[in-house]
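Asker: Please find the sequence and the predicted model below.
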Amino acid sequence: KRDASEFVPDSTELSRLREASRSCRGCDLYQDATQTVFGGGPKRAKVLMLGEQPGDREDREGEPFVGPAGKLLDRALVEAGIDRGEVYVTNAVKHFKFTRSERGKQRIHKKPSRGEIVACRPWLVAELNAVRPRLVVLLGATAASALMGPSFKVTEHRGTLVEAPEEFGGHPEQILSTVHPSSVLRAPDRDSAYAALVADLKAAPAML
Ligand code: URA
Ligand code: SF4
């Protein structure tokens, strides 16, 4: 079955991985997107934050979490006492998936399928092996299913530190899950959704 593995070099060098990801054709999403959006941050970050997929802004700029969801996340990290300089940020799926609005002007985010999440996973595994974070923060259901499989429920675990499965070999040691910052932007009561996100993230500094 087709996936990213044949495009992922056997390397723990982030710069090599990032370069190689530019020509990934592990699923069909590269066809309509502008570019691959690889993760970014310090190469030995203690924390790896995992989102869903790049949005419209990320697709154009080539960097993760630079749009509205990223701004909100940056603010929440500060409030939770997590040093942005210790955080590597990436996405479960590295290409933007979208549909066009009726007039074709807007690109509307579409959820990646299970097949696309699985196809892109080799890049995430390579990033984990390169960064070797102590903690992975799962931002929403797509991130959770990419790392932990579809049975991991964010609603059950949010805000609590969970031991990572043995197969990760200690990188990460623990998993923290919470909602996706975009869901805060869409929430009817944004203030309380934001406060809940910050409260979840506050579990992180204790283990760092
Ligand atoms: N949402 C994500 O999940 N990732 C991004 O990079 C931007 C928005
Ligand atoms: Fe490759 Fe992932 Fe992009 Fe699919 S979404 S082409 S697997 S980088």
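Answerer: It's in. Ligands and ions are numbered 1, 2, ... in the order given.
Asker: Dihedrals phi and psi, S177?
Answerer: Here is the backbone geometry of S177 (degrees, to the nearest 10): phi -120, psi 150.
Asker: now R100
Answerer: Dihedral angles (degrees, to the nearest 10) for R100: phi -90, psi 140.
Asker: what's the burial count for the residue nearest to L208 when sequence neighbours are not counted?
Answerer: Closest residue to L208 apart from its sequence neighbours, by C-beta to C-beta, 6 or more residues apart in numbering: K46 at 5.3 Å. Bear in mind the C-beta positions are built from the backbone N, C-alpha and C, glycine included. Neighbourhood size, K46 [other C-beta atoms under 10 Å]: 20.
Asker: and the gap between K46 and ligand 1?
Answerer: The gap separating K46 from ligand 1 is 20 Å, by C-beta to the nearest ligand atom, to the nearest Å.
Asker: these two touch, right, that residue and L135?
Answerer: Yes. Counting by C-beta atoms under 8 Å, K46 does reach L135; the two are 6.6 Å apart.
Asker: for G55, what are its contacts?
Answerer: Taking C-beta atoms under 8 Å, 6 or more residues apart in numbering, we find G55 in contact with 67-69, 96, 109, 182.
Asker: how about the residues of this protein that lie near ligand 1?
Answerer: 51-55, 58, 64-65, 67, 69-70, 91, 182 (C-beta under 6 Å from any ligand atom).
Asker: What residues sit buried inside the helix or strand that contains V125?
Answerer: Per DSSP states H and E, V125 falls inside helix 114-131. Buried residues in helix 114-131, counted by 16 or more other C-beta atoms under 10 Å: 116-124, 126-128, 130-131.
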